[in-house]
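In: here are the coordinates; sequence isn't available:
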């Protein structure tokens, strides 16, 4: 008797020999019964996938332990060995934030250039930072030691700006991911303009995708009129992308 | 017609309706054909497992990027901001190794106690370490900044000793894992004695398992006579464990 073959690959149900109807197997993973049409993998692949998953989990555990070892305590908790301070000069409530040149230099090419050369900051032992609140600067310094920050939308934007200014790429990506995760239509235009200003490709593309989903409501977005005023070229880009997609979709038929 | 059921769970081939013979499916993972007896998972579980694997890989990528951000460059590469040196006092070729109090204090409770209190090391800015080569001390300091070391068997033992002395648990585990990965019967007794001395539970248990596999050759191991001389109680423990297992195995029948 020839084999009653059933190709169950996704999207390939194909023609099926009716003899396979009613053959019931038990899934090794969920332990539920399933029929031939719902078959997934062979036993060997299931076992290999299990082993691969176990290896990935071990790797995650090793990496977490490495992160924990490499994470430093915030210099504000123990400033006895600090050899520099940072001050948010535009914040009247600012208190100098202790830090270590070694860490600043390791984390930021901008601090590196500032402190390697015999600049004012190196001589005075004080780095004066403008256009930033004491809270934001404190969160920024803390991130350089811990790779963690407590974010809301505003803090993510503030830290991303500092990440861009001091070329701390890891912080910039961290904030960008947060903003993308919290994206919605109300924030999309503001995020789109912000992403353009600070050269965040992922955030820009994610914002644009959300904007394009509701083009009929675009002019009603609270940030639309402002963007037309401040950066009309960006608004033009939105319309151009939309029309371009329409033409491509039409061409596909 | 009643369903022709085949429970393909591991270890449960059971009795099978002969009607399922010859039903061939294609595995969604390896794309090879398989029969009912070799079935693994349903399609839904396969898809879920794929998504779960993707998430684990993303987590690994995030963690690797975090490790890379948190890793510091070795202080020997740029010592301009160093505020302390370590010296291997018993090595006539030793050159003082620059470091940062802040890092030493963060990584080791022993250095923390040494440098927080007004001890000689804090006043002099020099930590004198005995019973260690300059190479080992350099690798140790480097590990405190990078969480990485280039190991061979000897270096793994040397660094584990320093990890124990300065309570750098992450380094101790790192070396222990290396020694376990490189374990063989020739090294097992030496590793067993070493693990006992430096309180390495995993290494001790792994060494013992290897020793117990070839009890008939135990007395021929090059480290056996030495261990009988230096720590006969440990040798007794090997025999006790072996006999204990024999009794348990016999009791199981």
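Out: Noted; the coordinates are in hand. Source: prediction; values computed, not measured.

In: contacts only, for the residue nearest to residue A:40 when sequence neighbours are not counted.
Out: Among residues not flanking residue A:40 along the chain, residue B:46 sits closest, at 3.1 Å (CB to CB, 6 or more residues apart in numbering or on different chains). For the C-beta atoms, the positions are set from N, CA and C on the backbone; glycine is no exception. Applying CB atoms under 8 Å, 6 or more residues apart in numbering or on different chains, we find residue B:46 in contact with A:40-41, B:28-29.

In: could you rerun that using 10 Å?
Out: A:10, A:27, A:29, A:38-41, A:45-46, A:49, B:27-29, B:40 (CB atoms under 10 Å, 6 or more residues apart in numbering or on different chains).

In: with residue A:226 instead?
Out: Taking CB under 10 Å, 6+ apart, one finds A:189-190, A:193 in contact with residue A:226.

In: those into CSV, with extra columns for pLDDT and secondary structure?
Out: Supplementary listing: these in CSV, determined by pLDDT from 0 to 100; DSSP: H, G, I helix; E, B strand; the rest coil:
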residue, pLDDT, secondary structure
A:189, 95, helix
A:190, 94, helix
A:193, 95, helix
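
In: pull out the buried positions in the longest helix seen in chain A.
Out: When chain A is parsed with DSSP state H, its longest helix is helix A:43-70. The neighbour-count check on helix A:43-70 (16 or more other CB atoms under 10 Å in any protein chain shown) flags A:43, A:45-46, A:49, A:56, A:59-60, A:62-63, A:66-67, A:69-70 as buried.

In: most widely separated two among those residues?
Out: Spatial extent of the buried residues of helix A:43-70 (CB to CB) is set by the pair A:43 and A:70 at 41.0 Å.

In: residue contacts, the residue lying closest to residue A:68 once chain neighbours are set aside?
Out: Counting by CB to CB, 6+ apart, residue B:170 is the residue found nearest to residue A:68 once chain neighbours are left out, at 7.9 Å. By CB under 10 Å, 6+ apart, residue B:170 lies in contact with A:65-66, A:68-70, B:107, B:143-144, B:147, B:163.

In: tabulate these (TSV), appending distance to residue A:218 and pLDDT.
Out: Formatted as TSV, the contacts of residue B:170 follow (distance: CB to CB, whole Å; pLDDT from 0 to 100):
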residue	distance to residue A:218	pLDDT
A:65	48	97
A:66	46	97
A:68	46	97
A:69	49	97
A:70	45	97
B:107	54	96
B:143	55	98
B:144	54	97
B:147	49	97
B:163	60	97
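
In: take those and lay them out in TSV including distance to residue A:200.
Out: As requested, the contacts of residue B:170 are arranged in TSV below (distance: CB to CB, whole Å):
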residue	distance to residue A:200
A:65	31
A:66	28
A:68	29
A:69	31
A:70	26
B:107	34
B:143	35
B:144	34
B:147	30
B:163	41
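
In: tell me which of those is nearest to residue B:229?
Out: residue B:163 (27.4 Å).

In: element containing the closest one?
Out: helix B:153-165 (DSSP states H and E).

In: cool, residue A:180 as well?
Out: helix A:169-181.

In: quick one, that helix and helix A:153-165 angle?
Out: 150 degrees (axes from the mean of the first three to the mean of the last three CA atoms, to 10 degrees).

In: buried set for helix A:169-181?
Out: A:170-180.

In: ok, those vs chain B, which is closest?
Out: residue A:170 (4.0 Å; CB to the nearest CB).

In: I'd like the average pLDDT over stretch A:25-34.
Out: For stretch A:25-34, mean pLDDT is 94.

In: show the end-to-end separation of that stretch, please.
Out: 5 Å (CA to CA, to the nearest Å).

In: what about that stretch, near chain B?
Out: Yes - residues of stretch A:25-34 are located near chain B by CB under 10 Å from any CB of the partner chain, namely A:25-34.

In: from residue A:66, how far off is the residue nearest to residue A:68?
Out: 7 Å (CB to CB, to the nearest Å).

In: do the same with residue A:48
Out: According to CB to CB, residue A:48 and residue A:66 sit 27 Å apart.

In: could you measure from the residue nearest to residue A:68 over to residue B:150?
Out: Residue B:170 is 16 Å from residue B:150, by CB to CB.

In: nearest residue to the residue nearest the centre of chain A in space, please, no chain neighbours.
Out: Computing the C-alpha centroid of chain A and ranking residues by CA atoms, centre = their mean puts residue A:177 first, at 2.0 Å. Among residues not flanking residue A:177 along the chain, residue A:202 sits closest, at 7.9 Å (CB to CB, 6+ apart).

In: fine by me, we can end here.
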